[in-house]
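1. Fold the following and give me the result.
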Amino acid sequence: MTKLSNPLINSLLENPLDFIHFIDEIPMGVLVLDLNQRVVHLNKSFEALSGEYIDRAYGVKCHNILRSAACVNNCPLLLMGSENRSISCKSDIINMDRQKLPIRITIAPMLDINGDVKGFIETIQDLRMVEKLDQRQSIAYSFANIIGRSPQMEKIFQTLPLLAQSDTSILITGETGTGKDLVAEAIHQTSEREASPFIKINCGALPETLLESEIFGHEKGAFTGAVGNKPGRFKLAHNGTIFLTEIGDLPLALQVKLLTFLDDKIIFPLGSTKEFNVNVRMIAATNRNLEEMVKEGSFRKDLLFRLNVARIHLPPLREREGDIRLLLDHFFSHYTKQVNKAIKGFSTAALARLIHYNYEGNIRELKNIVEYAVNVAATSVIEPENLPAYLFEPVTDTHSFSSYSGSFKNFNASNPMQTEDIASKPDKIQSNETWPSVQRRMILDALKEAKGKKSEAASILGMGRSTLWRKIKQYNIDP
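-> The predicted structure is shown next:
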């Protein structure tokens, strides 16, 4: 145990293991540094917050582990100088998931019995919940960090507090960009587990071999490149919440292991025969149809039953009456403060376009549009020319579709102009024609080709059947 026999820790307590166990129980991140600002130890709360772990961090300079703006501009250690006093400042941290999180850093010298400085102890407080409480006071229609006043969202707001106070497994469904991650975090932050870690795992972001190690951890030597022990995300989330996003992308082999964990709450790290009991609350999310995946054999039916004890479906933004304007005002206020611009609001024309736009990318797309507009606006009002060009750009014969049958297969919902070979049907496209009119005619042609069969028409267009139904309603098509 080389790390535990470090002279700094040995000088603090007769039994250094007592000190290690003590700081591991502190419910905020803790770093122990030597006189050269190198990491001697970090506790479990810091592992959960940052994604770092002691085997990789030991002996590394603090700023390479913390990755905070304070390390560059306002290092507390430098501010301390020769004075043996604690220093505190607000800053941020970039965790291993590349998330920027607000924190408060407090650092103090560690003195021996003679009063000599032997190292430093640094605490890292997660300020996300504090910031959200401040924001909540200024938002009339919200739950935690979720905003809305439509009937659909009001119903969800009534349900979330009840689910937050239970330990029931929850499945969150909805299109991409509807805020599934925010709902999962809101449930955790309003539950009895909020003081414990909230650990997110993106099931579609890593290959199967790395994903298994990330979830369950591994022992040193378990596979090539495993140079040290790594606690899995489940272990780091002990007494907290595990959030499995993109659960539909979880490989079948790992679906079996996840089902086993849900049954007995025990994990076995790769390469280890030692089991660990882990107490976590399970939340999963997907924009895919898991019931269809079960029929196709790509998702286990028994796992779906275990995850789908309670389900929250987030409606697309276009179906949330009144919420578009509410969200526009919210993000406008946020970004004008962030860039310190004296912008009064949106012009009538710009607001009309934003209110009536379809938002295939949902809240994420709306947020990006407002951020872009605020940054490029040069006057006191956001005009139509300050909005992304694709919101207005007509379809012309310079754009292309190879055929109607392949038109939607590479369609980018956040940029409806990004399509394939529309010039192949020049007789059908007018130079001043808008995208909705072109899309409406394509649907009509597909329905005609499919003899009115919507499933076959959806296949021709390369879109989901539910999407086709919505488009038929949107364009007032009589099937």
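
2. who's in contact with the residue lying closest to Ala144 once chain neighbours are set aside?
-> Of all residues beyond its chain neighbours, the one nearest Ala144 is Ala186 (3.5 Å), with distances taken as Cβ to Cβ, 6 or more residues apart in numbering. For the C-beta atoms, the positions are set from N, CA and C on the backbone; glycine is no exception. Residues in contact with Ala186 (Cβ atoms under 8 Å, 6 or more residues apart in numbering) are 143-146, 160, 164.

3. For Arg311, see how far away Ala186 is.
-> 16 Å (Cβ to Cβ, to the nearest Å).

4. do the same with Leu326
-> Where Arg311 is concerned, Leu326 sits at a distance of 25 Å (Cβ to Cβ).

5. who has more neighbours, the two?
-> Leu326 (19 against 10; other Cβ atoms under 10 Å).

6. Verify the stated contact: that one with Ile146.
-> No. Counting by Cβ atoms under 8 Å, Leu326 does not reach Ile146; the two are 11.5 Å apart.

7. Pull out the buried residues from stretch 167-178.
-> 169-175, 177-178 (16 or more other Cβ atoms under 10 Å).

8. Format those as a markdown table; extra columns: secondary structure, distance to Ser333 and pLDDT.
-> What follows is these, written out as a markdown table (DSSP: H, G, I helix; E, B strand; the rest coil; distance: Cβ to Cβ, whole Å; pLDDT from 0 to 100):
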| residue | secondary structure | distance to Ser333 | pLDDT |
| --- | --- | --- | --- |
| Ser169 | coil | 36 | 94 |
| Ile170 | strand | 31 | 96 |
| Leu171 | strand | 33 | 97 |
| Ile172 | strand | 27 | 97 |
| Thr173 | strand | 30 | 96 |
| Gly174 | strand | 25 | 94 |
| Glu175 | coil | 25 | 93 |
| Gly177 | coil | 20 | 93 |
| Thr178 | coil | 21 | 94 |
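
9. With respect to Leu79, which of these is nearest?
-> Distance ranking of the buried residues of stretch 167-178 against Leu79, using Cβ to Cβ, places Gly177 first at 41.4 Å.

10. Tell me who's in contact with that closest one.
-> Taking Cβ under 8 Å, 6+ apart, one finds 317, 361-365 in contact with Gly177.

11. From the residues you listed, which land in helices?
-> Among the contacts of Gly177, DSSP state H puts 362-365 in helices.

12. what's the closest of those residues to Lys453?
-> Nearest member of those to Lys453, counting by Cβ to Cβ, is Asn362, at 29.0 Å.

13. From Val278, how far off is that closest one?
-> Asn362 is 33 Å from Val278, by Cβ to Cβ.

14. Going by residue numbers, what spans are strands in the stretch 1-150 of the chain?
-> 29-33, 39-42, 87-94, 100-111, 117-126, 142-143, 146-147 (DSSP state E, counting those that start in this stretch).

15. tilt between the fourth one and strand 87-94?
-> It refers to strand 100-111. Computed by axes from the mean of the first three to the mean of the last three Cα atoms, to 10 degrees, the angle separating strand 100-111 from strand 87-94 equals 140 degrees.

16. in strand 100-111, what's buried?
-> For strand 100-111, using 16+ other Cβ under 10 Å, the buried residues are 101, 103, 105-110.

17. Which residues does that strand contact?
-> 8, 12, 29, 32, 49, 66, 68, 70, 76-77, 80, 84-95, 117-128, 131.

18. Tell me the buried residues within those.
-> 8, 12, 29, 32, 49, 66, 68, 70, 76-77, 80, 87, 89, 91-93, 118-128.

19. neighbours around Arg465, how many?
-> For Arg465, using other Cβ under 10 Å, the count is 14.

20. Mind pulling the model confidence for it?
-> If you check Arg465, the pLDDT there is 72.

21. What's the separation between the closest residue to it other than its chain neighbours and Lys295?
-> Spatial nearest neighbour of Arg465, chain neighbours left out: Ala458 (4.6 Å); criterion: Cβ to Cβ, 6+ apart. Remark: distance between Ala458 and Lys295 (Cβ to Cβ) = 17 Å.

22. And those two? Which one has more around it.
-> Set Ala458 next to Lys295 and count neighbours by other Cβ under 10 Å: Ala458 wins out with 22 against 11.

23. phi, psi of that one?
-> phi -60, psi -40 (degrees, to the nearest 10).

24. what residues go with each domain of this structure?
-> Recorded structural domains for the chain (assignment: automatic domain parsing) are 2-126, 131-314, 317-391, 404-474.

25. Going by mean pLDDT, which of these comes out lowest?
-> Among the domains of the chain, domain 404-474 scores lowest, at a mean of 60.

26. Enumerate every residue touching Val381.
-> 343-347, 350.

27. Relative to Tyr335, which of these is nearest.
-> Ile343 (9.0 Å).

28. Please confirm that that closest one is located within a helix.
-> No. Counting by DSSP: H, G, I helix; E, B strand; the rest coil, Ile343 falls outside a helix, being coil.

29. Quick check: closest non-adjacent residue to it.
-> Per Cβ to Cβ, 6+ apart, closest to Ile343 is Thr336, 5.2 Å.

30. ok, and for whichever helix or strand that neighbour is part of, which residues are buried?
-> Assessed by DSSP states H and E, Thr336 sits inside helix 323-339. For helix 323-339, a neighbour-count test (16+ other Cβ under 10 Å) marks 323-324, 326-328, 330-332, 335-336 as buried.

31. How about stretch 210-230?
-> Here stretch 210-230 shows 211-219, 222, 226, 229-230 as buried, counting by 16+ other Cβ under 10 Å.

32. Can you tell me which of those residues is nearest Ile266?
-> Phe216 (10.5 Å).

33. if I pick that closest one, what's in contact with it?
-> Taking Cβ under 8 Å, 6+ apart, we find Phe216 in contact with 232, 234, 257, 267-270.

34. picking up where we left off before, name the helices or strands packed onto the helix holding Thr336?
-> With contacts taken as 3 or more Cβ pairs under 8 Å, 6 or more residues apart in numbering; DSSP states H and E, helix 323-339 sits against strand 146-147, strand 345-346, helix 348-356, helix 362-376.

35. now it and helix 348-356, what's the angle there?
-> 120 degrees.

36. which SS state does Asn279 fall under?
-> Applying three-state DSSP: Asn279 is coil.

37. and it, how many neighbours?
-> Other residues near Asn279 number 12, with proximity taken as other Cβ under 10 Å.

38. Nearest approach to Cys62 belongs to which of the helices and strands packed on helix 323-339?
-> Taking these one by one with Cβ to Cβ, helix 362-376 is closest: 32.4 Å.

39. circling back to that earlier point, who has more neighbours out of Asn362 and Val278?
-> More crowded of Asn362 and Val278, by other Cβ under 10 Å: Asn362, with 25 against 19.
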